[in-house]
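1. With the sequence up front, the predicted model follows.
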Protein chains: 2
Amino acid sequence: MKRFSVFLEDKLGLTTSQVEDLLLSKQTKTINKGDFLLEQGQICSHSFFVEEGLLRMYALNNDGKEHVVQFSPENWIAGDRGSIYFNEPSNYFIDAIEETTVVFIDQPFLDQLALVSPDFRTKNEFLLHNHIRHQQKRIQLLLGATAEERYLDFIQLYPNLLLRVPQWMIASYLGITPESLSRIRKALADKNFAG
Amino acid sequence: MKRFSVFLEDKLGLTTSQVEDLLLSKQTKTINKGDFLLEQGQICSHSFFVEEGLLRMYALNNDGKEHVVQFSPENWIAGDRGSIYFNEPSNYFIDAIEETTVVFIDQPFLDQLALVSPDFRTKNEFLLHNHIRHQQKRIQLLLGATAEERYLDFIQLYPNLLLRVPQWMIASYLGITPESLSRIRKALADKNFAG
DNA sequence: TTCATTTCTTATCATACATCAATGCGGGAG
DNA sequence: CTCCCGCATTGATGTATGATAAGAAATGAA
């Protein structure tokens, strides 16, 4: 749980000894590529900190097509907040793009964190605001940018994911078909060779 | 500040007397239709609780076109969290669709709330999670739903806004042109008359 | 009221992206 | 190694939505 420890210290303001105590009772779980941590209809009872690997969260639309809501590589937290906090069946699936090791985070654990660390809540709120900010940016791009602009933004934001995520999933994240993404990539390549 | 008082009591868990104390020093501000509370490039230093009226937050894309990120009618809070919490110049505009009365909310006021009310933070986090949930739903619809589906969803979610927001702004919220929305409305009307 | 401005509608044409279909590549299973 | 099968590419064609333009309807100011 190396990454999770660092996360608790750096992002949530815990001391090294606090982290050691807290993690005594915690275990990691490793799942295979393609395995699910959450399926549509289930109530999501945990968040998942990604210690190693890569998760994806997606929904199905009316036609049964997948649409990726977010990717979660190392140091990210995946989970359906709607389901967790409002106790509703989830609309989402979460599965592993690579073999992935996660730490399960439930509400009692978060309560523990709030107890031992005075500024845990402040830091946690900061993370929530950051999440909102990123979602807002994404909405803005979906509303007003072309598929090519969105693809370029994706590359800038997640340069390391480019090589780890199959292209058809990136297309799904961008809201276009794999064929369209292929053409966009070709057009970009042509431009660069010309310029 | 009737609505703001009720909001503090019902949503953030304060007692009536706490609210009375807190609001002694607070004032409302009323702005005219079309006036701005935030413009692109400014650092957003306050959130705005809408006591009466209707605000809209929007961004400009590369072509200079407006895209509505959110509407804020009574009891909603507007503001660019990215700018507030990360102290960056905002990408957004916030202006009034109707004459609007707002309460300014700054960080010291929030700190005060956290001091006097034990479960303020818990309730506030709940509101943040709710916001994230709604944004996620919107992203999902922008990725996988047709413009018509998005319009129907908008009607369900904000039935009261339909009459208060000009159609071209709703189109902007949906990510389409006013002309397209007009056509979608006509198609829906035809369907209803037929069925 | 009257005039001006904004908003909504309608029509025609243009375009980005989707769909359908065929081909080729590349990595994993046996 | 060879045989698949899933993934990426490419082409031909279709469709939803955009762009432009014009007129009708609503709104607001004088």
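-> Done, it's in. Nothing here was measured: the structure is a model prediction, and the numbers come from that model.
2. hey, let's count contacts and neighbours off CA atoms from now on
-> Will do.
3. By mean pLDDT, point me to the weakest helix or strand of chain A.
-> helix A:178-194 (a mean of 87; mean pLDDT, DSSP states H and E).
4. Might one say that A:E51 is in contact with A:A78?
-> No. The criterion here is Cα atoms under 8 Å, and A:E51 misses it with A:A78 at 11.4 Å.
5. in the top helix by length along chain A, what's buried?
-> Longest helix in chain A, counting residues (DSSP state H): helix A:120-144. Residues of helix A:120-144 classed as buried: A:120-121, A:124-126, A:128-133, A:135-144 (neighbour count, 16 or more other Cα atoms under 10 Å in any protein chain shown).
6. Report the next helix or strand after it in sequence order.
-> Using DSSP states H and E, the helix or strand that directly follows helix A:120-144 along the chain is helix A:147-157.
7. is chain B contacted by that next one?
-> No. Judged by Cα under 8 Å from any Cα of the partner chain, helix A:147-157 makes no contact with chain B; its nearest approach is 9.8 Å.
8. Distance of the residue positioned nearest the centre of chain A relative to chain B?
-> With distances taken as Cα atoms, centre = their mean, A:S72 lies nearest the centre of chain A, 2.9 Å away. According to Cα to the nearest Cα, to the nearest Å, A:S72 stands 15 Å off from chain B.
9. Give me the phi and psi for that residue.
-> phi -130, psi 90 (degrees, to the nearest 10).
10. and the longest helix of chain A, what other elements does it pack with?
-> When contacts are defined as 3 or more Cα pairs under 8 Å, 6 or more residues apart in numbering or on different chains; DSSP states H and E, helix A:120-144 packs onto helix A:107-116, strand B:66-73, helix B:81-86, helix B:120-144, helix B:167-174.
11. Pull the contacting residues for the spatially closest residue to A:L8 that is not a sequence neighbour.
-> Spatial nearest neighbour of A:L8, excluding adjacent residues (Cα to Cα, 6 or more residues apart in numbering or on different chains): A:L14 at 5.8 Å. When contacts are counted by Cα atoms under 8 Å, 6 or more residues apart in numbering or on different chains, A:L14 touches A:8, A:117, A:120.
12. Which member of those residues is positioned nearest A:E179?
-> A:E179 lies nearest to A:L8 out of those, by Cα to Cα, at 41.3 Å.
13. What score does A:G195 have for pLDDT?
-> Predicted confidence (pLDDT) for A:G195: 34.
14. Tell me, how many residues neighbour A:E51?
-> Residue neighbour count, defined by other Cα atoms under 10 Å in any protein chain shown, stands at 24 for A:E51.
15. Could you let me know which of the contacts of A:L14 ends up closest to DNA strand D?
-> A:L8 (34.3 Å; Cα to the nearest atom of the strand).
16. Output the host helix or strand of that closest one as PDB, nothing but the C-alphas.
-> A:L8 is part of helix A:2-10, with elements assigned from DSSP H and E. C-alpha atoms of helix A:2-10 as PDB (Å, rounded to 0.1, in the frame of the first residue of the first chain):
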ATOM      1  CA  LYS A   2       2.800   2.300  -0.800                       C
ATOM      2  CA  ARG A   3       0.900   4.800  -2.900                       C
ATOM      3  CA  PHE A   4      -2.100   4.800  -0.600                       C
ATOM      4  CA  SER A   5       0.200   5.700   2.300                       C
ATOM      5  CA  VAL A   6       1.800   8.600   0.400                       C
ATOM      6  CA  PHE A   7      -1.700   9.700  -0.600                       C
ATOM      7  CA  LEU A   8      -2.900   9.800   3.000                       C
ATOM      8  CA  GLU A   9       0.100  11.800   4.100                       C
ATOM      9  CA  ASP A  10       0.500  14.200   1.200                       C
END
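17. following that helix, which helix or strand shows up next?
-> Once the chain leaves helix A:2-10, the next helix or strand it forms, by DSSP H and E, is helix A:16-23.
18. Just give me how far that next one sits from the chain centre.
-> Offset of helix A:16-23 from its chain centre (Cα atoms, centre = their mean, to the nearest Å): 25 Å.
19. quick check: angle from that helix to helix A:2-10?
-> 130 degrees (axes from the mean of the first three to the mean of the last three Cα atoms, to 10 degrees).
20. Give me the residues contacting helix A:16-23.
-> Residues from elsewhere that reach helix A:16-23 (Cα under 8 Å, 6+ apart): A:5, A:8-9, A:116.
21. try it again with 7 Å
-> Contacts to helix A:16-23, defined as Cα atoms under 7 Å, 6 or more residues apart in numbering or on different chains, come from residues A:5, A:8-9.
22. Tabulate those (a markdown table), appending pLDDT and neighbour count.
-> Below are these laid out as a markdown table (pLDDT from 0 to 100; neighbours: other Cα atoms under 10 Å in any protein chain shown):
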| residue | pLDDT | neighbour count |
| --- | --- | --- |
| A:S5 | 97 | 19 |
| A:L8 | 96 | 17 |
| A:E9 | 96 | 17 |
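23. Now these in a markdown table, please, with extra columns for distance to B:F109.
-> Shown next, in a markdown table, are the contacts of helix A:16-23 (distance: Cα to Cα, whole Å):
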| residue | distance to B:F109 |
| --- | --- |
| A:S5 | 33 |
| A:L8 | 28 |
| A:E9 | 28 |
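24. Need the CA coordinates for the least confident helix or strand of chain A. PDB is fine.
-> Output of helix A:178-194 as PDB, limited to C-alpha atoms (Å, rounded to 0.1, in the frame of the first residue of the first chain):
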ATOM      1  CA  PRO A 178     -13.500   4.500 -32.900                       C
ATOM      2  CA  GLU A 179     -13.700   5.200 -36.600                       C
ATOM      3  CA  SER A 180     -14.000   8.900 -36.100                       C
ATOM      4  CA  LEU A 181     -11.100   8.900 -33.700                       C
ATOM      5  CA  SER A 182      -9.000   7.000 -36.200                       C
ATOM      6  CA  ARG A 183      -9.700   9.700 -38.800                       C
ATOM      7  CA  ILE A 184      -9.000  12.500 -36.400                       C
ATOM      8  CA  ARG A 185      -5.600  11.000 -35.700                       C
ATOM      9  CA  LYS A 186      -4.900  10.600 -39.300                       C
ATOM     10  CA  ALA A 187      -5.800  14.300 -40.000                       C
ATOM     11  CA  LEU A 188      -3.500  15.400 -37.100                       C
ATOM     12  CA  ALA A 189      -0.700  13.300 -38.400                       C
ATOM     13  CA  ASP A 190      -1.100  14.800 -41.900                       C
ATOM     14  CA  LYS A 191      -1.100  18.300 -40.400                       C
ATOM     15  CA  ASN A 192       2.100  17.700 -38.500                       C
ATOM     16  CA  PHE A 193       3.900  16.300 -41.500                       C
ATOM     17  CA  ALA A 194       2.800  19.300 -43.500                       C
END
